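Visitor: Attaching a predicted model along with its sequence, questions to come.
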Amino acid sequence: DAVVRAENLGKTYSEGKLVTPVFGGLDFEVHAGETVAVLGASGAGKSTLLHLLGGLDTPTAGEVYVAGQRMSALSDAARGQLRNRALGFVYQFHHLLPEFTALENVMLPVVLAGSDVPAARQRAQALLESVGLGPRLEHKPGELSGGERQRAAVARALVNHPACVLGDEPTGNLDERTAATVFEQMLELNRAQRTSLVLVTHDRRLARKLDRVLELHEGRLREVAAADV
Ligand code: ADP
Ligand code: ADP
């Protein structure tokens, strides 16, 4: 029941004569409902790994499977559809569309997945309310606080009930207290929907709250025992 699986996964960036090997031989699975932290120093390859898992970049070795589908075997269109249906993304920066309200931003992935507008509105509104943004539905991102924007981004990531949410330092831009609140809400939503979570972070305290911790170090991925996080 792996929702995301990496098989002998490797990435080397090449730009002309500049060759940067990032990692190789990565093997791991993320099971349904499981929450996994990926730790590592800056430059260890955490964002690269997340991009490969999300099909936003292609590996130079090995394979990624999402919901049982081999990413490299899909056309760009099919990969895009799988991404919108099976995965949710949350980044350090919210990436909400500035011209649209919070509600519209969260409705958009639902409409893109083929739902009609009233159904999309209903689901988006329910999710925004569950992260405390009921009074902010009609606000545009520029009219929201940093924490509110990230909560809207979390709602957007989860609104299509993805199998897995990929998070790249989703609370990295927030002050400590706001970060803790947004993080807890993200975990609660993940639990409620039984969505898996792969969370890239350099924050060991956050990592400890997840089911499993992996660490990228010198091109390898190792499992870290809870006591050692
Ligand atoms: P982290 O997220 O752990 O900080 P990254 O995945 O961003 O690490 O980067 C891993 C390594 O790959 C770094 O050495 C970085 O400079 C390099 N890198 C990242 N993106 C690119 C790119 N598009 N082209 C070339 N090198 C890159
Ligand atoms: P950057 O140069 O920092 O990658 P972009 O605006 O291209 O800036 O992307 C911003 C973030 O959005 C990056 O983390 C990127 O991986 C992610 N991203 C880009 N395209 C997509 C996409 N089609 N779906 C989901 N995330 C994307």
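Guide: It's in. Ligands and ions are numbered 1, 2, ... in the order given.
Visitor: need the contact list for residue 100.
Guide: The neighbours of residue 100, taking Cβ atoms under 8 Å, 6 or more residues apart in numbering as the test, are 108, 140. C-betas here are computed from N, CA, C, even on glycine.
Visitor: So it, which state does it fall into?
Guide: Following DSSP: H, G, I helix; E, B strand; the rest coil, we place residue 100 in the coil state.
Visitor: mind checking the backbone torsions on it?
Guide: phi -110, psi 150 (degrees, to the nearest 10).
Visitor: Please apply the same query to residue 154.
Guide: Dihedral angles of residue 154 (phi, psi; degrees, to the nearest 10) stand at phi -70, psi -40.
Visitor: Leaving out sequence neighbours, find the closest residue to it.
Guide: Leaving out its chain neighbours, the residue that sits closest to residue 154 by Cβ to Cβ, 6 or more residues apart in numbering is residue 186, at 5.0 Å.
Visitor: doesn't the one you found fall inside a helix?
Guide: Yes: assessed with three-state DSSP, residue 186 lies in a helix.
Visitor: So is stretch 201-213 next to ligand 1?
Guide: No: Stretch 201-213 lies out of reach of ligand 1 by Cβ under 6 Å from any ligand atom, never closer than 8.1 Å.
Visitor: quick one on the thing from earlier: pull the number of nearby residues for the residue nearest to residue 154.
Guide: Residues contacting residue 186 under the criterion other Cβ atoms under 10 Å number 27.
Visitor: who's in contact with it?
Guide: 90, 154, 165, 167, 170, 197 are the contacts of residue 186 under Cβ under 8 Å, 6+ apart.
Visitor: Check it and give its pLDDT.
Guide: What the model reports for residue 186 is a pLDDT of 91.
Visitor: any idea how far it lies from residue 144?
Guide: 17 Å (Cβ to Cβ, to the nearest Å).
Visitor: do residue 98 as well
Guide: 11 Å.
Visitor: And the two? Which one has more around it.
Guide: residue 144 (19 against 8).
Visitor: Any residues of this structure in contact with ligand 2? List them.
Guide: Proximity of the chain to ligand 2 (Cβ under 6 Å from any ligand atom) is limited to residues 51, 56, 89, 91, 95.
Visitor: burial measure for the fourth one, as a count.
Guide: Using other Cβ under 10 Å as the criterion, residue 91 is surrounded by 19 other residues.
Visitor: correct me, but it touches residue 156?
Guide: No: look at residue 91 against residue 156 with Cβ atoms under 8 Å: they stay out of range, at 11.0 Å.
Visitor: right, and residue 49 touches residue 219 too?
Guide: No: with contact defined as Cβ under 8 Å, residue 49 does not count as touching residue 219 (11.2 Å).
Visitor: can you list residues touching both of these two?
Guide: residue 23.
Visitor: quick one: which of those two has more around it?
Guide: residue 49 (29 against 16).
Visitor: where's that one, which helix or strand?
Guide: In this assignment (DSSP states H and E), residue 49 forms part of helix 46-53.
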